[in-house]
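Undergrad: coords please:
(2 chains)
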Protein chains: 2
Amino acid sequence: MSKLFNRVALIGIGLIGSSLAHAIRKQNLADDVTGFARSEATRAKALELGLVDRIYPSAAEAVKDADLVFLCSPVGTYGALAQEISATLKPGGILTDVGSVKAAVVKDVLPHVPQGVHFIPGHPIAGTEQSGPESGFAELFVNRWCIITPLPDADPRAVERLVEFWRACGSNVELMTPEHHDLVLAITSHLPHLIAYNIVSTAADLEEVTSSEVIKFSAGGFRDFTRIAASDPTMWRDVFLNNKDAVLEMLGRFSEDLSALQRAIRWGDGDMLFDVFTRSRQVRRSIIAAGQDTASPDFGRGAPKNQ
Amino acid sequence: MSKLFNRVALIGIGLIGSSLAHAIRKQNLADDVTGFARSEATRAKALELGLVDRIYPSAAEAVKDADLVFLCSPVGTYGALAQEISATLKPGGILTDVGSVKAAVVKDVLPHVPQGVHFIPGHPIAGTEQSGPESGFAELFVNRWCIITPLPDADPRAVERLVEFWRACGSNVELMTPEHHDLVLAITSHLPHLIAYNIVSTAADLEEVTSSEVIKFSAGGFRDFTRIAASDPTMWRDVFLNNKDAVLEMLGRFSEDLSALQRAIRWGDGDMLFDVFTRSRQVRRSIIAAGQDTASPDFGRGAPKNQ
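TA: This is a model prediction of the structure:
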């Protein structure tokens, strides 16, 4: 198979950018990978790790002659970056992104996309709680879904090339509108992160229970929440600022439902609690059946070791 | 080392009961293990798996001549069970439990404990989302904490024997009052489970986002919550009915804090969001440093396979 793209440019080399770099190398998807990172340390690390062929402190420079450009910095930076690269984007090339929100990205980026450049927003539903150029790995996207949100006038051949790229990285691809993406992600990703950050914060502020107790006894459930609450603060700040309506809508529903559980606890309504607790098991089973989580108890953490 | 106990009785053979059985065998902590299970199927499975030497459909029968009796059924059953075994508990023996609440257990069980039997409540902070006699394994308690909540007049030698038992299972042991235990667990375990059950329920009720979308795109964070929301519904109903005050207190704080985050999102207060999101990372690091969770990204689920 010939390579899908001659040159790919990665604008931002964090967890997703570096994982893309690894996947491109491993699957041989491009002849040449260029990068942009604002910080000198990230640029040095990216070269040291062999993530890119060349890396620039200027995004405009990095995208020159690239057939495929990925915006993979926090979504709050996209507008300014799009403006910066506008003049040097290659005619006929594809501009895409990996941002966790899509309607706001279209609003921020589209005005800067020159005629003849294919702007096709995307979002791989994959990640870990780590960040930075050292955190990437080629398998991050394997068996995960990537959502592409083409605009109504998108060129089908360009969309198909981007879909092919993600499939070559091991992903399943689904197309939907930016607005629908933002609703789906509000419940499957944004609200879970908000709640996780919140409970960690609540626990840290207690007077009657010490921080050391919270840490020692975290295996009762709390520790699970600290994983996603260890995700990159800048990235997540930008997500919440840019998907406000959908997050507030889901948060309103969550809080209503939580009030109903609170009332059931206060009034000792065991049947109501039992019913709510019972139907969750089926959701877990479906997620495992869909290949989206491990079937091992406790995520495999509790497995016998050295036995 | 001579065995710690001649006979141990396990009242209930679920995840914890069966894990205790495995640990007792593996560490050679007793000559003889008896069991009680209400269901015929569980009794047959327990014998088939070799978890116990003998198993009875009567708890009174199962505790006869036992030097150490564990209540390890859902906490809502403890009062009736304590009444049932009261007459056959061995004088000088230890009666303990593994329940997730402690003040309510003392209230329910203590009135039925005969003179001369040492009642010492306990709670191993360990588990998985699975339940039933097949789900146990000897290493469940290794490097986990076990909280013992002795009553003011407890016999120090009996407490020491129980502590020794848990240490032999691989646990660290901490002593505290039942009331303090219930506060600590309300934040480290009960509230996390309630929130996890709640978000799974909220997601299942949406109209704009289908269940199939929630499942497909769950790797964005949601799937983590489904693990603890797949825990045993009976056990968790009983926890919330029996630790009402502490759970309502922690839930009140959580909801207040969540309202503050909601307000920050609505008004676009990025600095407030950034500050809250930043301090969570340190909590995660401390939990890993304390040996209470894996340092592997994504709980090790995202590790490269077959490479």
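Undergrad: got a pLDDT number for residue A:11?
TA: Per-residue confidence (pLDDT) for residue A:11: 98.
Undergrad: ditto for residue A:301
TA: In this prediction residue A:301 is given a pLDDT of 84.
Undergrad: how near is residue A:19 to chain B?
TA: 10 Å (CB to the nearest CB, to the nearest Å). For the C-beta atoms, the positions are set from N, CA and C on the backbone; glycine is no exception.
Undergrad: could I get the average pLDDT for the helix or strand containing that residue?
TA: Assigned by DSSP states H and E, residue A:19 belongs to helix A:15-27. Taken as a whole, helix A:15-27 carries a mean pLDDT of 98.
Undergrad: name the residues of that helix that are buried.
TA: Within helix A:15-27, the residues scored as buried using 16 or more other CB atoms under 10 Å in any protein chain shown are A:15-24, A:27.
Undergrad: from those residues, which single one is nearest residue A:207?
TA: Comparing these against residue A:207 with CB to CB places residue A:15 closest, at 35.9 Å.
Undergrad: quick check: closest non-adjacent residue to that closest one.
TA: residue A:135 (4.6 Å; CB to CB, 6 or more residues apart in numbering or on different chains).
Undergrad: number of residues surrounding that neighbour?
TA: 18 (other CB atoms under 10 Å in any protein chain shown).
Undergrad: what do you get for the one 4 residues further on?
TA: For residue A:139, the tally of surrounding residues (other CB under 10 Å) stands at 20.
Undergrad: contacts only, for the closest residue to chain B within the stretch 1-150 of chain A.
TA: Chain B sits closest to residue A:128 of the stretch 1-150 of chain A, with a gap of 3.7 Å, by CB to the nearest CB. Contact partners of residue A:128, counting by CB atoms under 8 Å, 6 or more residues apart in numbering or on different chains, are A:15, A:135, A:140, B:297-298, B:302.
Undergrad: so residue A:272 sits right up against residue A:264, yeah?
TA: Yes - contact status for residue A:272 versus residue A:264: in contact at 4.3 Å, counting by CB atoms under 8 Å.
Undergrad: which one's more surrounded, the two?
TA: Per other CB under 10 Å, whichever of residue A:272 and residue A:264 has more neighbours is residue A:264, with 20 against 16.
Undergrad: which ones are touching that one?
TA: Neighbouring residues of residue A:264 by CB under 8 Å, 6+ apart: A:272-273, B:240.
Undergrad: mind running it again at 6 Å?
TA: With contacts taken as CB atoms under 6 Å, 6 or more residues apart in numbering or on different chains, residue A:264 has the following neighbours: A:272-273.
Undergrad: likewise residue A:106?
TA: residue A:178.
Undergrad: and the pLDDT at it?
TA: pLDDT at residue A:106 comes out at 98.
Undergrad: please apply the same query to the one 5 residues further on.
TA: Each residue has a pLDDT score; the one for residue A:111 is 98.
Undergrad: in stretch A:56-76, what's buried?
TA: A:56, A:59-63, A:66-76.
Undergrad: what does stretch A:114-131 give?
TA: Residues A:117-131 are the ones in stretch A:114-131 that count as buried (16+ other CB under 10 Å).
Undergrad: for that stretch, what is the average pLDDT?
TA: Average pLDDT, stretch A:114-131: 96.
Undergrad: now do the strands in the stretch 201-307 of chain A.
TA: Taking DSSP state E, counting those that start in this stretch as the test, none of the stretch 201-307 of chain A falls into strands.
Undergrad: ok so, going back, just checking, which of the buried residues of stretch A:56-76 belong to strands?
TA: Among those, the members falling in strands are A:56, A:68-71 (criterion: DSSP state E).
Undergrad: for the stretch 201-307 of chain A, which residue gets nearest to chain B?
TA: For the stretch 201-307 of chain A, CB to the nearest CB, closest residue to chain B: residue A:220, 2.9 Å.
Undergrad: which one is that residue nearest to, not counting chain neighbours?
TA: That would be residue B:189: by CB to CB, 6+ apart, it lies 2.9 Å from residue A:220.
Undergrad: tell me the SS of the one you found?
TA: helix (DSSP: H, G, I helix; E, B strand; the rest coil).
Undergrad: how much space between it and residue B:280?
TA: 18 Å (CB to CB, to the nearest Å).
Undergrad: mind checking which of these two has more residues around it?
TA: More neighbours surround residue B:280 than the other of residue B:189 and residue B:280, with 27 against 24 (other CB under 10 Å).
Undergrad: pLDDT weak spots in chain A?
TA: A:1-2, A:302-307 (pLDDT under 70).
Undergrad: report the residue ranges of every domain in it.
TA: A:5-176, A:180-294 (automatic domain parsing).
Undergrad: chain center to the last one, what's the gap?
TA: Put plainly, it is domain A:180-294. On the basis of CA atoms, centre = their mean, to the nearest Å, domain A:180-294 sits 18 Å off its chain's mean C-alpha point.
Undergrad: please apply the same query to the first one.
TA: Its chain's C-alpha centre and that of domain A:5-176 lie 12 Å apart, by CA atoms, centre = their mean.
Undergrad: that domain: end-to-end distance?
TA: Its start and end residues considered, domain A:5-176 measures 24 Å (CA to CA, to the nearest Å).
Undergrad: before we move on, what about stretch A:178-196?
TA: Termini of stretch A:178-196 sit 25 Å apart (CA to CA).
Undergrad: same thing with stretch A:54-71?
TA: By CA to CA, the extent of stretch A:54-71 from end to end equals 17 Å.
Undergrad: which residues are contacting it?
TA: With CB under 6 Å, 6+ apart, stretch A:54-71 has contacts from A:5-11, A:34-36, A:43, A:46-47, A:78, A:81, A:84-85, A:88-90, A:93-97.
Undergrad: the helices in the stretch 101-250 of chain A, which residues?
TA: Counting by DSSP state H, counting those that start in this stretch, the stretch 101-250 of chain A has helices at residues A:103-109, A:156-168, A:178-185, A:191-204, A:211-216, A:222-228, A:233-242, A:244-266.
Undergrad: which of those helices is buried the deepest?
TA: helix A:222-228 (a mean of 26; mean count of other CB atoms under 10 Å in any protein chain shown).
Undergrad: need the CA coordinates for that one. CSV is fine.
TA: These are the backbone C-alpha positions of helix A:222-228, laid out as CSV (Å, rounded to 0.1, in the frame of the first residue of the first chain):
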residue,chain,number,x,y,z
PHE,A,222,-12.6,7.0,45.4
ARG,A,223,-9.3,6.1,43.7
ASP,A,224,-11.1,5.4,40.4
PHE,A,225,-12.2,9.0,40.2
THR,A,226,-8.7,10.4,40.8
ARG,A,227,-7.5,8.8,37.6
ILE,A,228,-9.6,11.0,35.2
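Undergrad: what is it packed up against?
TA: Secondary-structure packing of helix A:222-228 (3 or more CB pairs under 6 Å, 6 or more residues apart in numbering or on different chains; DSSP states H and E): helix A:191-204, helix B:270-289.
Undergrad: how about a cut-off of 7 Å?
TA: Counting by 3 or more CB pairs under 7 Å, 6 or more residues apart in numbering or on different chains; DSSP states H and E, the packing neighbours recorded for helix A:222-228 are helix A:191-204, helix B:191-204, helix B:222-228, helix B:270-289.
Undergrad: compare those and give me the one nearest residue B:112.
TA: helix B:191-204 (28.5 Å).
Undergrad: please enumerate residues in contact with that closest one?
TA: A:187, A:191-192, A:195, A:199, A:221-222, A:224-225, A:253-254, A:257-258, A:261, A:276-277, A:279-280, A:283, B:211, B:214, B:222, B:225-226, B:228-229, B:231, B:236, B:240, B:247, B:250-251, B:254 (CB atoms under 7 Å, 6 or more residues apart in numbering or on different chains).
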